[in-house]
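Q: Would you be able to build a 3D model of this:
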Amino acid sequence: MIRIVLVDDQELVRAGLRLILSPHDDLEIVGEAADGRAGLDAARAMRPDVVLMDIRMPVLDGVEATRRLLREPAPPQVLALTTFEDDEVLWGAIEAGAAGFVLKDAPAVDLVGSIRVTARGGTWLDPRVARRVLDTVRRRAARPAPSLDALTEREREVLRLVASGANNAEIAAALHLSERTVKGHISAIFLKLGVRDRPAAIIHAYDAGLVPERPR
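A: Numbers count the residues shown, from 1 in each chain. Predicted coordinates for the structure are as follows:
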């Protein structure tokens, strides 16, 4: 069972999310909040696996709420809820540590899929915002993004699977490796690309054309 907390200042949006998620036996909504501060309290109290976090909210916005939540011991995965126009805040959510992004008008199957992917440690980038995130990265970068040339062939395979939403156990099974070896490869990838987390590495993978446009 995947435990979920919904954080959005619009009751209508939360109602729509409940309607989409409630029929699925493996998904359980354990809490709701209408602003980032209340979302932090709900997450601390309910210990969810995934927090669906709106970006633009009163009292405390979703970016800062994500940043604070991920400083907690054993934090949940945070899946940012956004609109197609929120280019700059997308980058803010990446820097805060969000595990992925889903648009508020995404099809129900994508919303459910994004929760399942992030709950098992993967990362989800809605294909409609992935390229815009990359453009923001390019505009903000002080130097060109590191090339994937420094990666070994096996590290490329691992990065491709990471970017497709696989967690460490799934990568290990796909490549017939131990999870410890997979963790070692991921650490090497982060070091060579000059990144600190999976979303940033995935951006490089997209930019280099290593993965298809639509994550799985």
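
Q: Quick check: Glu95 vs Val50, distance?
A: Separation of Glu95 from Val50 (Cβ to Cβ, to the nearest Å): 20 Å. Yep, even glycine has a C-beta here, placed from its N, CA and C like the rest.

Q: Who has more neighbours out of the two?
A: Shown here are Glu95 and Val50; by other Cβ atoms under 10 Å, Val50 has more neighbours (24 against 16).

Q: any idea how far that one lies from Ala38?
A: In terms of Cβ to Cβ, Val50 sits 17 Å off from Ala38.

Q: before we move on, what about Phe101?
A: 22 Å.

Q: who has more neighbours, these two?
A: Under the neighbour definition other Cβ under 10 Å, Phe101 and Ala38 were set side by side, and Phe101 has more, 26 against 18.

Q: Could you chop this protein up by domain?
A: Listed by automatic domain parsing, the domain ranges of the chain are 2-139, 145-207.

Q: Kindly reformat these as a markdown table and extend each row with mean pLDDT.
A: Formatted as a markdown table, these follow (pLDDT from 0 to 100):
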| stretch | mean pLDDT |
| --- | --- |
| domain 2-139 | 87 |
| domain 145-207 | 86 |
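
Q: mind listing what's buried in the helix or strand harbouring Ala43?
A: Under the criterion of DSSP states H and E, Ala43 resides in helix 36-46. Neighbour counts over helix 36-46 (16 or more other Cβ atoms under 10 Å) mark Gly36, Arg37, Ala38, Gly39, Leu40, Ala42, Ala43, Met46 as buried.

Q: following it, which helix or strand comes up?
A: Per DSSP H and E, the first helix or strand lying C-terminal to helix 36-46 is strand 50-54.

Q: what angle do the helix or strand just after that following strand and helix 36-46 make?
A: Heading C-terminal from strand 50-54, the first helix or strand you meet, by DSSP H and E, is helix 62-69. In terms of direction (axes from the mean of the first three to the mean of the last three Cα atoms, to 10 degrees), helix 62-69 departs from helix 36-46 by 30 degrees.

Q: All the strands of the protein, residue numbers only.
A: Shown for the chain, the strands assigned by DSSP state E span residues 2-7, 27-33, 50-54, 77-82, 100-103, 124-125.

Q: Turn these into TSV, including distance to Arg156.
A: Listed next are the strands of the chain as TSV, based on distance: least, Cβ to Cβ, whole Å:
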stretch	distance to Arg156
strand 2-7	30
strand 27-33	33
strand 50-54	29
strand 77-82	25
strand 100-103	21
strand 124-125	19
